[in-house]
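Chemist: sequence plus the predicted model coming up.
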Amino acid sequence: MAAVPLQAKLSQTAPERSWRTDRSSLALAALGAAFVASLFGSLLFGRYPLSPSVWWHALTNSASAGVPGVVLLQVRLPRIFADLLIGAGLSVSGAAYQGLFRNPMVSPDILGVSAGAGLGAAAGILFGLDIVAIQFLSFGGGLLAVLLTCALAAPVSRRGDPVLTLVLVGILVGAVFMSLISLVKYVADTNTKLPAITFWLMGSMAAVNPRDVRLLAPIAIAGLVPLLLVRWRLNVLSFGEEEARALGIHTGRLRWTVILASTLLTASSVAVAGMVGWVGLVIPHLARMLVGPNYKVLLPASLLLGSSYLLLVDDVARSVSATEIPLGILTALVGAPFFLYLMTRSKRGWV
């Protein structure tokens, strides 16, 4: 007798599942088209306009391209690739963290990685180190903050919820590192070091060069690939720790995989571009509106949407005024009101 209602229920939900699959596929195709359009549009857009024929000549024959070739190959293309990698990394890590911690307010810096990376960069600028050393300190500071969070949370989590413990300890560690950043700014020279630290922390792609992209690309790939490979497990983890373990998921191993990959993505982003906020918080929500909560589709959608979004915001940052606007300012101006709209639009505050 119980089999009849179950079969009826399955027959009723099958068309809905098919509709959702078609909608997700259509949304992914649209996001892919938007990604390609934003990429080619950004090649043409800027203070030094480049027509398609000019940048094609620069790509195919850089030796005779002259100034357009230098602009394209040394300035614009590295900046575009950095936008794509950082936008994808922050968005995918944000979506993965929201699934891992089962909390819509979680962002990639929840475990203190951005504050740690910012402190490393601020200390490097304070001591007058070169840009390579500053980026190295920034990346190392992000890793150190997350390691400290995990080390402090480990003994406490044995007596309670490990996920909640990680979040709370991460907030505390981030607050301590932000206080140390304020201390570094307080003792920095107000004429030289303080403006440089402040500008770095606001986030910008102005100083990105081909070397930065060569350093960023392998780290970004090392972070993105594991998250994309385990994305289906995040669906199971959303049922809860006990249910996931009952279905054969090693939750501890999955948790550390997501944390390590997301830490690599966020720390490398801060090391190259400074603190770029709100991308990892808002973009996963928007992607969820478009393709639904299935992480097999949600993470690729977040990747495409985050890349396109940061690329377009950076186009505005470098072109809307005589002096370049810091990227973190624009992402906050766009992200905060949009996130408020998402919260008011959703009946539960979770899209």
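Modeler: All right, it came through fine. On a predicted model such as this, the values are computed, not experimentally measured, just so you know.
Chemist: where do the helices sit along the stretch 201-350 of the chain?
Modeler: Using DSSP state H, counting those that start in this stretch, the helices of the stretch 201-350 of the chain run over residues 210-229, 231-237, 241-246, 251-273, 279-291, 295-317, 327-345.
Chemist: mind checking those helices for the one nearest to Gly174?
Modeler: Closest to Gly174 of these is helix 251-273 (CB to CB; 11.8 Å). The way it works is simple: take the backbone N, C-alpha and C, and place the C-beta from them, glycine included.
Chemist: got the angle for the closest one vs helix 279-291?
Modeler: With axes from the mean of the first three to the mean of the last three CA atoms, to 10 degrees as the basis, helix 251-273 and helix 279-291 are set at 120 degrees to each other.
Chemist: if you count contacts, what does helix 251-273 end up packed against?
Modeler: Counting contacts by 3 or more CB pairs under 8 Å, 6 or more residues apart in numbering; DSSP states H and E, helix 251-273 packs against helix 77-100, helix 113-126, helix 131-157, helix 162-187, helix 210-229, helix 231-237, helix 241-246.
Chemist: now that helix: average pLDDT?
Modeler: For helix 251-273, mean pLDDT rounds to 93.
Chemist: where among the helices and strands packed on helix 251-273 is average confidence lowest?
Modeler: helix 241-246 (a mean of 75).
Chemist: and that helix, what's buried?
Modeler: For helix 241-246, a neighbour-count test (16 or more other CB atoms under 10 Å) marks Glu241, Ala244 as buried.
Chemist: which residues are contacting that helix?
Modeler: Outside of helix 241-246, the residues within contact range by CB atoms under 8 Å, 6 or more residues apart in numbering are Pro162, Val163, Arg233, Val236, Leu237, Thr251, Leu254.
Chemist: any idea how far Leu305 is from the fourth one?
Modeler: Here Val236 is placed at a distance of 24 Å from Leu305 (CB to CB, to the nearest Å).
Chemist: do the second one as well
Modeler: Distance of Val163 to Leu305, given as CB to CB: 26 Å.
Chemist: of Val236 and Leu305, who's got more company?
Modeler: Between Val236 and Leu305, Leu305 has the larger neighbour count (other CB atoms under 10 Å), namely 27 against 18.
Chemist: would you check that that one makes contact with Gly94?
Modeler: No: taking contacts as CB atoms under 8 Å, Leu305 lies outside contact range of Gly94: 11.2 Å.
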